[in-house]
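Visitor: Quick one, what's the 3D model for this:
(chains A and B)
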There are 2 protein chains.
Amino acid sequence: MSYRAPVSDIAFTLRHIAGLDGELERGTFGDLSADLVDAVLEEAGRFASEEIAPLNAPGDKFGTPLRDGAVTMPPGWKEAYAKWIEGGWASLTGPEDFGGQALPIALSIATQEMWNSGSMAYGIGPTLTFGAIEALHTHASDELKQTYLPKLVSGEWMGTMNLTEPQAGSDLALLRARAEPRGDGTYSIKGTKIFITYGEHDLTDNIVHLVLARLPDAPTGTRGISLFLVPKFLVNDDGSLGERNDVWCQSVEHKLGIHASPTCVMAFGDNDGAVGWLVGEENRGLNCMFTMMNNARLSVGIQGVAIAETAYQQALAYAHERKQGRVPGMSQDEAVPIVAHPDIKRTLMTMRALTAAARAICYETAVATDLAHRSADEAGRKAAQERANLLTPLAKAFSTDIGVEVASMGVQVHGGMGFIEETGAAQHLRDARIAPIYEGTNGIQAIDLVTRKLSMSGGAAVTAFIGDLREVVRQVAEANHPAFGRMGDRLDATIDALERATTWMFEALKSNPDHALAGATPYLRLISLAGGGAALARGALIAHGLDASPANAARIATARFFAENVCPAADGLAETVVGGADTVLDTDAALAS
Amino acid sequence: MSYRAPVSDIAFTLRHIAGLDGELERGTFGDLSADLVDAVLEEAGRFASEEIAPLNAPGDKFGTPLRDGAVTMPPGWKEAYAKWIEGGWASLTGPEDFGGQALPIALSIATQEMWNSGSMAYGIGPTLTFGAIEALHTHASDELKQTYLPKLVSGEWMGTMNLTEPQAGSDLALLRARAEPRGDGTYSIKGTKIFITYGEHDLTDNIVHLVLARLPDAPTGTRGISLFLVPKFLVNDDGSLGERNDVWCQSVEHKLGIHASPTCVMAFGDNDGAVGWLVGEENRGLNCMFTMMNNARLSVGIQGVAIAETAYQQALAYAHERKQGRVPGMSQDEAVPIVAHPDIKRTLMTMRALTAAARAICYETAVATDLAHRSADEAGRKAAQERANLLTPLAKAFSTDIGVEVASMGVQVHGGMGFIEETGAAQHLRDARIAPIYEGTNGIQAIDLVTRKLSMSGGAAVTAFIGDLREVVRQVAEANHPAFGRMGDRLDATIDALERATTWMFEALKSNPDHALAGATPYLRLISLAGGGAALARGALIAHGLDASPANAARIATARFFAENVCPAADGLAETVVGGADTVLDTDAALAS
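Guide: Below you'll find the predicted structure:
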């Protein structure tokens, strides 16, 4: 069974739940219309289903072999990428002054979901380029921009982010790569970077590496890190490709999943030195990275949604096809499709509801990110920026956590066939497993949420968010539709639990930060359940106001399932936040080496 | 980092938590002493750590290639197996009349944990042989027993179970393999079986297949299935190997994990017919299978514990070794081991506590299984049998669920390195993923628990179990040790939730069985949290009464962590059981194909 992009649900979530329609009407995105949004999503869905999804299983098998410093992508990938840039997908959100279409990030995130559902190993590639474009557009000199941005925006070249070193992963303070001025305004870059996604490949003629390194005499720690642009091939004045730069792929990792995404060890300057250009100010490299970090995290978050959606579709199709077991009255040589069994229904509904909730959170984050730049007034931009900052760790961590959970449930629904690689369900689990790790582990997201995001505007940002959730519940209660069941009450209880934990967090952050850190992960899950549940409920309210189609009935059923079967975890999560810290921290005896 | 068998914790759990010591004192196991138990565990731990664990990673890489119908096991496996049977490990629980040592199943389960921690692909092999021995010993003719049991018990030959066919997995009613009488007391077996674990290999000279098939004119459904013994090589009257039988491995599956366990498609009788012997009565094959099903499920459950233990050990070692991040006061070029970070502590403690709780449940199940045969009086045997029946689905499903969860957390603790295959953390996740599927999916375990086990003795079995849990809480409250924190209160609330859900289940089973089925999976998790939490608390009480060693402090901390950070999920689980069924069942719109 192959992926079919759920274009209708994607459009509904983007336009109605995440509120893009309101902004379109308000003119926030100029003359962009809902019809155009729908058309873009429709075409992206077609491309993802027809052109990318077929690459996924063969790409997993072929991998990305390295020979003589060159990585060969799996058969068909180069052609698909060429079609993809030809379709204008690379330049969707790119800056207009360098050939981009400057469409909303929210629309890009929706299309990214589809690329990643088609193939996560494919989807991750352009994401790095988007990040490089953003960093260069914001921080690079005009000359660098003129040289590199047009080809990055068009997708003719791709970009990479070179942060990690063996001793410096989550902790960039420890990085050691060096940059020496060469006297001509360029720098000689030396060092080894690991886990470099798409560090080397044959999809494009050039690859533009953004590299963190230290200048001579730079301070230790994160305040001594600068950002450099190091192209695979130097670029001549006329824009043609010049000399090969001294940056080489030393090896490609043998990974659990996303086998068709080349994860490279990159050696900079091992021979005659890699030529690099400074991007932004000296020692302000981390600042340049932060520019793009929120968007990158959101792009990884949507990978969680994407893989969950694919896993769900495949499990649902199998559950309709596979016949085992009987219902009362059937003869012993008949059998029903396993979707008829309540326990399978529960699994599939859990998969569906978690996916829908994570999608809603990601799209809300994306719209807030757009509004942070495009809202008409300063106050609106600030509020949107804080909302985006608050939701980004949820979008990244909750979505990728549920990506793994849903992919694992997908394996389970397949029974023994799920464990056989040819079925494809196991690949989803293997692929999904990286997303909670890269672009800041989910533990780091939770710490970021608790230590940096809760305190924004003295707590006003999270309070405003909780207020918005309460308003949804009020509307659910007011509507009082029989189809909503106990949705309102369950969400109310979920938000109560969130408020209890939030109040405790504010206190702990003042009096005992380690206690707050000990509860960070369950707190992130809790606020995600509340946020996801309320978002789906908002969707149910809107769906109820539209026609009584099966799609709208499904949206209401999914929202109700989430509230009544997923949200009940909220009280226990609040309890672990509020009451669990002592047993987390007092573990010297248990966790002795 | 390689596995070190946690012999002290295994012995503590077996002897104190699961109550083996009391039975040893009572003489239930004849002259078996606690010292002998400890010595056996110690030696098994040595063998698992030194002989089996080194096979694991290379076995994963080598797999089990098939050529000309013969499977080659990875290098070193044949030698390790030979040493293993030489050490007497194959015959540990085997019947004495056929050369076995007739030691408790509980002791076997503890050793199985260690074999599987060393290598799950290794550990699963002998399990099938144990099942074959049990089925033959209980149901086969004396002649079959004399011919096959001595060599199966010694481990010189291995056994397999051939149930599954492409259209008949969980639903054996649909199976089609045929058995025709040959007129000489033997049968000609024809059919294809899939997912046959260790169906073909080179560890032993002969393989004894137990095969479910239908006699001519047998009734449809499960009442028309008979069990047959089909050896790879026929056995001459003098016990030497005769003709090759017509049973061949057609292919070996390409699986997500346990690559060194050959999962075979077996063709019976494609050429001149496979010669088989009837085991037990005609059309009573499923009955013969049930004999061994409980033990087999427990053996798979312990695989969940085993893989969780290995994953935990590896993550803990990495967390002590890997340095990232600082604590206040450190300079920017220093870093602490990540085990110092509260969020990592939470993850590691969760891994540890889930593993310990699942181990306790499995060992309690094993001791109950022993007592079902060995208790002095009929009432004791019946109560023990019911306890074993009640706990077996928990042992199987909860342990294997947490096996996957803990292995996934282990990947996460390793950060980016966790996704690299050479690290080994990912293999644990890949290996762990089969255990919730085979030997009855965990959904089927939950259904079995709810529909068959809750109703035993009119509900008295589960009521007695809950009474035992309450007694532990009473003792915890009475002890009132400061080190126990809020353990008693949290467990009390957990058992309250269990009682609420159990009462509802009794009602639903009468009035609306589909509602009971819809809540089966969260109910199984709930009763496992209560049972596991109480078992660890029992251990904490005992540990507190022993010396104040670091090991005992760790046991108390682990029990308290489980109660205060894992058990809070109980209320939400009860709520989904009691209030979630409507949204599980009313999903036609959402789950339309």
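
Visitor: Run through the residues of the stretch 151-300 of chain A sitting next to chain B.
Guide: Residues of the stretch 151-300 of chain A lying near chain B by Cβ under 8 Å from any Cβ of the partner chain: A:164, A:167-171, A:173-174, A:194-195, A:219-223, A:253-257. (Glycine included, C-beta is placed from N, CA and C.)

Visitor: again, 7 Å this time
Guide: A:164, A:169-171, A:173-174, A:195, A:220-221, A:253-256 (Cβ under 7 Å from any Cβ of the partner chain).

Visitor: Let me know the closest of those residues to A:Arg452.
Guide: If you rank those by distance to A:Arg452 using Cβ to Cβ, A:Ser170 comes first, at 15.0 Å.

Visitor: Which of the three states applies to that closest one?
Guide: Look at A:Ser170: counting by DSSP: H, G, I helix; E, B strand; the rest coil, its state is coil.

Visitor: circling back to that earlier point, might you specify the subset of the residues of the stretch 151-300 of chain A next to chain B located within helices?
Guide: Among these, none falls in helices (DSSP state H).

Visitor: Select from those the one having the most neighbours.
Guide: Using other Cβ atoms under 10 Å in any protein chain shown as the neighbour test, those are led by A:Phe195, with 26 neighbours.

Visitor: do you know how far it is from A:Asn552?
Guide: 43 Å (Cβ to Cβ, to the nearest Å).

Visitor: Over to A:Leu449?
Guide: For A:Leu449 relative to A:Asn552 (Cβ to Cβ), the value is 33 Å.

Visitor: more neighbours, these two?
Guide: A:Leu449 (26 against 20).

Visitor: Touching, the more buried one and A:Leu391? I think so.
Guide: No - taking contacts as Cβ atoms under 7 Å, A:Leu449 lies outside contact range of A:Leu391: 9.4 Å.

Visitor: ok, back up a step: quick one: which of the residues of the stretch 151-300 of chain A next to chain B is nearest to chain B?
Guide: Chain B has its nearest neighbour among those in A:Gly221, at 2.7 Å by Cβ to the nearest Cβ.

Visitor: any idea whether the closest residue to that closest one other than its chain neighbours is helix, strand or coil?
Guide: Using Cβ to Cβ, 6 or more residues apart in numbering or on different chains and skipping residues adjacent in sequence, the residue nearest A:Gly221 is B:Gln332, 2.7 Å away. Following three-state DSSP, we place B:Gln332 in the coil state.

Visitor: Same check on A:Glu243?
Guide: strand.

Visitor: List the contacts of it.
Guide: A:233-234 (Cβ atoms under 7 Å, 6 or more residues apart in numbering or on different chains).

Visitor: Which parts of stretch A:409-429 count as buried, going by neighbours?
Guide: A:409-421, A:423-429 (16 or more other Cβ atoms under 10 Å in any protein chain shown).

Visitor: give me the subset of the residues you listed touching chain B.
Guide: A:411-412, A:415-416, A:418-421, A:426.

Visitor: Can you name the two of the residues you listed that sit furthest apart?
Guide: Farthest-apart pair in those is A:Gln412 and A:Glu421; separation 15.9 Å (Cβ to Cβ).

Visitor: can you pull the buried residues of the biggest helix by length in chain A?
Guide: Scanning chain A for the helix with the most residues, using DSSP H, yields helix A:285-321. If you call a residue buried by 16+ other Cβ under 10 Å, then helix A:285-321 has these buried ones: A:285-289, A:291-316, A:318-320.

Visitor: how close does the residue of the stretch 251-400 of chain A found nearest chain B sit to B:Ala168?
Guide: Minimum separation of the stretch 251-400 of chain A from chain B (Cβ to the nearest Cβ) falls at A:Gln332, amounting to 2.6 Å. Remark: distance between A:Gln332 and B:Ala168 (Cβ to Cβ) = 12 Å.

Visitor: So for those two, which sits in the more crowded spot?
Guide: B:Ala168 (20 against 15).

Visitor: Quickly list what the more buried one is bridged to.
Guide: Residues in a beta bridge with B:Ala168, per DSSP bridges, are B:Glu165.

Visitor: repeat for A:Ser251
Guide: Applying DSSP bridges, one finds that A:Ser251 bridges with A:Val265.

Visitor: Which per-residue confidence value corresponds to it?
Guide: In this model, A:Ser251 is scored at 98, pLDDT.

Visitor: Neighbours of it, how many?
Guide: For A:Ser251, using other Cβ under 10 Å, the count is 12.

Visitor: I'd guessed it sits against A:Val265; true?
Guide: Yes - counting by Cβ under 7 Å, A:Val265 is a contact partner of A:Ser251 at 4.7 Å.

Visitor: list the contacts for the closest residue to A:Gly169 other than its chain neighbours?
Guide: Counting by Cβ to Cβ, 6+ apart, B:Gly415 is the residue found nearest to A:Gly169 once chain neighbours are left out, at 5.5 Å. B:Gly415 makes contact with A:169-170, A:437, A:441, according to Cβ under 7 Å, 6+ apart.

Visitor: do A:Ala353 as well
Guide: Taking Cβ under 7 Å, 6+ apart, one finds A:558, A:561-562, A:566 in contact with A:Ala353.

Visitor: From these, which land in helices?
Guide: Those of the contacts of A:Ala353 lying in helices (DSSP H): A:558, A:561.

Visitor: Of the contacts of A:Ala353, which are in range of chain B?
Guide: A:558, A:561.
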